[in-house]
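Chemist: Fold the following and give me the result.
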Amino acid sequence: MAKRPTSMGMPELAMVAGTRAALGAGLGLLFAKRLSEDQRKAMGWTLVAVGALSTIPLGIDVLSRRQNDAVAETE
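Modeler: Residues are numbered from 1 along each chain as shown. Below is the predicted model:
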């Protein structure tokens, strides 16, 4: 399967980067020792959830855009 380029605007790129940052920060907090265990777990799981859940619609948007671009190219 050949790779097709996908165009993404700056707002979408910023959202993708933000969700990755939230996911990474959440994982970092889960492994950190500076906060109490309860604080660390609450903040960590919240950031992991926000990062993971916000990635799903962005991924669907990017993949559907890629598929729509492929269909437009064949027409």
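Chemist: C-alpha only now, for contacts and for neighbours.
Modeler: Fine.
Chemist: where does this protein have low pLDDT?
Modeler: 1-7, 66-75 (pLDDT under 70).
Chemist: Ignoring the adjacent residues along the chain, who's closest to the residue nearest the centre of the chain?
Modeler: Geometric centre of the chain, nearest residue: T55, 3.4 Å, by C-alpha atoms, centre = their mean. Nearest residue to T55 in three dimensions, chain neighbours excluded: T19, at 6.2 Å (C-alpha to C-alpha, 6 or more residues apart in numbering).
Chemist: Tell me which residues are up against the helix or strand that neighbour falls within.
Modeler: Using DSSP states H and E, T19 sits within helix 10-31. Here helix 10-31 makes contact (C-alpha atoms under 8 Å, 6 or more residues apart in numbering) with 40-41, 43-52, 54-55, 58.
Chemist: Show me which positions of the lengthiest helix in the chain end up buried.
Modeler: What stands out as the longest helix in the chain, according to DSSP state H, is helix 37-74. The neighbour-count check on helix 37-74 (16 or more other C-alpha atoms under 10 Å) flags 40-41, 43-51, 54-55, 58, 66 as buried.
Chemist: hmm, which two among those residues are most spread apart?
Modeler: Greatest spatial distance among the buried residues of helix 37-74 (C-alpha to C-alpha): R40 and R66, at 38.1 Å.
Chemist: ok, V50 - contacts?
Modeler: Contacts of V50 by C-alpha under 8 Å, 6+ apart are 19, 22-23.
Chemist: Turn those residues into a markdown table, including distance to M8.
Modeler: Below are the contacts of V50 laid out as a markdown table (distance: C-alpha to C-alpha, whole Å):
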| residue | distance to M8 |
| --- | --- |
| T19 | 15 |
| A22 | 20 |
| L23 | 21 |
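Chemist: Looking at neighbours, which among these is most surrounded?
Modeler: Tallying neighbours with other C-alpha atoms under 10 Å puts L23 at the head of the contacts of V50, with 24 neighbours.
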